[in-house]
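Asker: Below is the sequence, then the predicted model.
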Amino acid sequence: MLKRETALSAANPEGRRTIVGLCVCLAAITLAVFGQTYRYEFVNFDDDGYVYENAHVRSGLNLEGIGWSFTHTVKANWHPLTVPFLPKHVSFNVTRWNQAPNRPWMLASEPGCSWALWLRLPGTALWGVMSCRGTGARLASGREMASRDSFRGRAIPGWSPPGRSPLRANSTNEPSQHTTTIKRIFLLVVCATCTTVFGQKFDGLAPTPPMGWNSWNRFACDVSEDLIRQTADAMVSSGMKDAGYQYVNIDDCWQGQRDSQGFIQPDPKRFPSGMKALADYVHSKGLKIGIYSDAGSKTCGGRPGSRGHEYQDALTYAQWGIDYLKYDWCNVEGLKAEGAYLTMRDALYSAGRPIVFSICEWGNSQPWTWAGKVGNLWRTTGDIYNCFDCKMDHGPWYSWGVMQIVDLQKGLRESTGPGHWNDPDMLEVGNGMAANEDRAHFSMWCMLAAPLIAGNDLRNMSDETLRILTNTEAVAVDQDALGIEGFQYSAQDFVEIWFKPLSGDAWAMCVLNRSGRPQKVLFDWKKEKVADGFSRRDAGFDTTVYSLRDLWAKKDFGTTAQKLDVEAPAHDVLMLRLSKQ
């Protein structure tokens, strides 16, 4: 195994970085779990009086003897690694081992430790240090540092964080009462830095557009533990789970305050049992749970955002058992979207729990051009509201009706696919539009291969709303394994005809009547050339006969051997599945 990894490291820079990153993180875990906690004050730096930014770390790390059981060796050439450094004479907490207290300790020249990495949690004031025994790796800036050309520190026993009793400096392996919290921060810092270099997106998530429910459209800030439990119950009892819905997502306003270490806590009045207990309850129903945060300092609802706390929040979500994160874009002064979302992507990956990442920056920075490697879905527009064909003016921004959002999807279909989806926002089915408009809304989201995230009150919905949301034949169009978004084939006199390639050489067709009056539709299959260059599919109606299935009437509807001659109802659709005979 060692030879195989060494060969990979030498031949493949990405592989090399991955191996070194794993070594660093594993070493940090060992130290964090088994080390003792001390405060160190630096009294001497290298012979130039400072340490170097943008240093290099030799990846020939001999980690033999780390902690108590970790042994591994990797040999490779130099590679750049940006490491932020502390200024001179700064004190902070570290975890250390095999050093007696009350004596000077030279991190890089004492026997048993010949290198050190100084690490800062991005966007916070949390710092940590990791060092190891062995030879073969030193901090350098274009050169290798001499063994005594390094850092010297001394342990300060009896020190404690503000408001806490003193930590007890001792030479045993028994941790002090405050070791757990400091270890937690230290591990977070090290893994955050590992992920900055090695971060990526989890593979295998959202192979089809996510299906679930979100609290915002119906309840806004009026969220609570009881609402989420009752919604999970209703998702199961109503048959929505059986139809494919699985995520129960809490939107804004669940947050309380951050604790003294900066970790987010749920609102104790709204969520008295805590998020871990709530997640366990949702999971017990065979469902998954989602949560909300914001890239800014505050959420859109004025609660604490994740800016400067990305890695802490990601770790917290993972510990709670969260499965889905919607990440909003309010109060983001000075931030750039791609960088901000990359930071949270890396934080989620570092936390180790696969979490679907929903990017919600309203399409302002054209996320369809960059978000495929960052998240699993991204909003393409501003917020939806429950209107079929209108928009609401909020001054600096608009809320969009269903038809306006459909129009804004043009030109985006090539960016979507398994694991990375255009998101035209959550559903408004059951929130006040007429049943025919809800049906058209749902059908178009299915044609767009959009996430199907219900936004109504699942505990109290009409039979018609339930029939729309649980129409498994329409849902199958949305969830088709090809993952190809539909396209507008024609538009004339308020009538649009859309096609969507499906697996098994099938097609979906949707006749959308945007008019307030019924419209006659005549479609001569043999004269229509329906082809999709993106998916390289050609329906070939002139030579191939398809059977037709009406997905809302749930009955067969003839074949393409005869012309389609129908009347499309006002603000409604005719949705067909075409299967080769």
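Answerer: Yep, it's here. Numbering: from 1, shown residues only.

Asker: Can you pull the poorly scored residue ranges out of the stretch 351-500 of the chain?
Answerer: Counting by pLDDT under 70, the stretch 351-500 of the chain shows no low-confidence range.

Asker: which residues in it form strands?
Answerer: Assigned strands in the stretch 351-500 of the chain, in chain order: 356-359, 377-379, 391-393, 398-400, 421-423, 452-454, 487-492, 495-501 (criterion: DSSP state E, counting those that start in this stretch).

Asker: With mean neighbour count and distance to residue 438 as extra columns, can I get those strands in a markdown table?
Answerer: To be clear about C-beta, it is placed using only N, CA and C from the backbone, and glycine gets the same treatment. Shown next, in a markdown table, are these (neighbours: other Cβ atoms under 10 Å; distance: least, Cβ to Cβ, whole Å):
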| stretch | mean neighbour count | distance to residue 438 |
| --- | --- | --- |
| strand 356-359 | 26 | 23 |
| strand 377-379 | 27 | 21 |
| strand 391-393 | 12 | 18 |
| strand 398-400 | 19 | 16 |
| strand 421-423 | 27 | 19 |
| strand 452-454 | 27 | 11 |
| strand 487-492 | 15 | 21 |
| strand 495-501 | 21 | 18 |
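
Asker: closest one to residue 296 among these?
Answerer: Closest to residue 296 of the strands of the stretch 351-500 of the chain, according to Cβ to Cβ: strand 356-359, at 13.8 Å.

Asker: ok, residues contacting the closest one?
Answerer: With Cβ atoms under 8 Å, 6 or more residues apart in numbering as the contact definition, strand 356-359 has outside contacts at 201, 205-206, 210, 247, 290, 323-327, 341, 344-345, 348, 367, 371, 374-379, 423, 451.

Asker: In ChimeraX, how would I select the buried members of these?
Answerer: With 16 or more other Cβ atoms under 10 Å as the criterion, this ChimeraX line picks the buried residues out of the contacts of strand 356-359:
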select :201,205,206,210,247,290,323,324,325,326,327,341,344,345,348,367,371,374,375,376,377,378,379,423,451
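
Asker: Which of the contacts of strand 356-359 fall within helices?
Answerer: Assignment to helices by DSSP state H places the following of these there: 341, 344-345, 348.

Asker: and residue 512, that one's in a strand?
Answerer: Yes - the assignment for residue 512 is a strand, going by DSSP: H, G, I helix; E, B strand; the rest coil.

Asker: Look at it and report its pLDDT.
Answerer: Residue 512 is assigned 98 on the pLDDT scale.

Asker: Repeat that for the one 5 residues further on.
Answerer: Reading off the per-residue confidence, residue 517 sits at a pLDDT of 97.

Asker: Show the contacting residues for the closest residue in space to it that isn't next to it in sequence.
Answerer: Nearest in space to residue 517, with sequence neighbours left out and distances taken as Cβ to Cβ, 6 or more residues apart in numbering, is residue 570 at 5.4 Å. Counting by Cβ under 8 Å, 6+ apart, residue 570 touches 436, 513, 515-519.

Asker: measure residue 570 to residue 403 for me?
Answerer: Distance, residue 570 to residue 403, by Cβ to Cβ, to the nearest Å: 13 Å.

Asker: repeat for residue 266
Answerer: Counting by Cβ to Cβ - residue 266 and residue 403 are separated by 38 Å.

Asker: Equivalent analysis for residue 478, please.
Answerer: 19 Å.

Asker: Check residue 457 too.
Answerer: Counting by Cβ to Cβ, the gap from residue 457 to residue 403 is 24 Å.

Asker: Could you do residue 425 as well?
Answerer: In terms of Cβ to Cβ, residue 425 sits 13 Å off from residue 403.

Asker: Residue 478 and residue 403 - which one has more neighbours?
Answerer: residue 478 (24 against 21; other Cβ atoms under 10 Å).

Asker: pretty sure the more buried one contacts residue 443?
Answerer: No - Residue 478 lies out of contact with residue 443 (Cβ atoms under 8 Å); the separation is 9.5 Å.

Asker: ranges for the helices of this protein?
Answerer: Using DSSP H, helices in the chain cover 2-11, 13-34, 179-198, 216-219, 225-237, 240-243, 275-284, 310-320, 337-351, 402-407, 435-447, 463-469, 472-478.

Asker: Report the buried residues of the fifth one.
Answerer: Along helix 225-237, the positions that meet the burial threshold by neighbour count (16+ other Cβ under 10 Å) are 225, 227-229, 231-236.

Asker: and which of those is nearest to residue 564?
Answerer: So of the buried residues of helix 225-237, ranked by how close each gets to residue 564 (Cβ to Cβ), first place is residue 235, at 36.7 Å.

Asker: Report how many residues lie close to the nearest residue to the closest one once chain neighbours are set aside.
Answerer: In this structure, residue 235 finds its nearest non-sequential neighbour in residue 241, 5.3 Å apart by Cβ to Cβ, 6+ apart. Residue 241 sits with 19 neighbouring residues when counted by other Cβ under 10 Å.

Asker: my guess is residue 241 contacts residue 287, does it?
Answerer: Yes - the criterion here is Cβ under 8 Å, and residue 241 meets it with residue 287 at 6.5 Å.

Asker: which neighbours do these two share?
Answerer: residue 235.

Asker: Let me see the domain layout of the chain.
Answerer: Domain assignment for the chain by automatic domain parsing gives 2-198, 211-478, 487-580.

Asker: Just list the residues touching residue 524, thanks.
Answerer: Per Cβ under 8 Å, 6+ apart, neighbours of residue 524: 563-564.

Asker: And the pLDDT at it?
Answerer: Confidence score, pLDDT, at residue 524: 98.

Asker: how much space between it and residue 489?
Answerer: Residue 524 is 13 Å from residue 489, by Cβ to Cβ.

Asker: Same check on residue 518?
Answerer: For residue 518 relative to residue 489 (Cβ to Cβ), the value is 21 Å.

Asker: excluding its backbone neighbours, what's nearest residue 512?
Answerer: residue 496 (4.5 Å).

Asker: For that neighbour, give its distance to residue 514.
Answerer: Taking Cβ to Cβ, one finds residue 496 at 7 Å from residue 514.

Asker: burial of residue 436, as a residue count?
Answerer: Neighbours around residue 436, by other Cβ under 10 Å: 16.

Asker: May I have the beta-bridge partners of the closest residue to it other than its chain neighbours?
Answerer: Nearest residue to residue 436 in three dimensions, chain neighbours excluded: residue 572, at 4.2 Å (Cβ to Cβ, 6+ apart). Judged by DSSP bridges, the bridge partners of residue 572 are residue 513.

Asker: Then the one 4 residues further on?
Answerer: Taking DSSP bridges, one finds residue 509, residue 550 as the beta-bridge partners of residue 576.

Asker: Give the full set of residues in contact with it.
Answerer: Residue 576 neighbours (Cβ under 8 Å, 6+ apart): 508-511, 548-551, 557.
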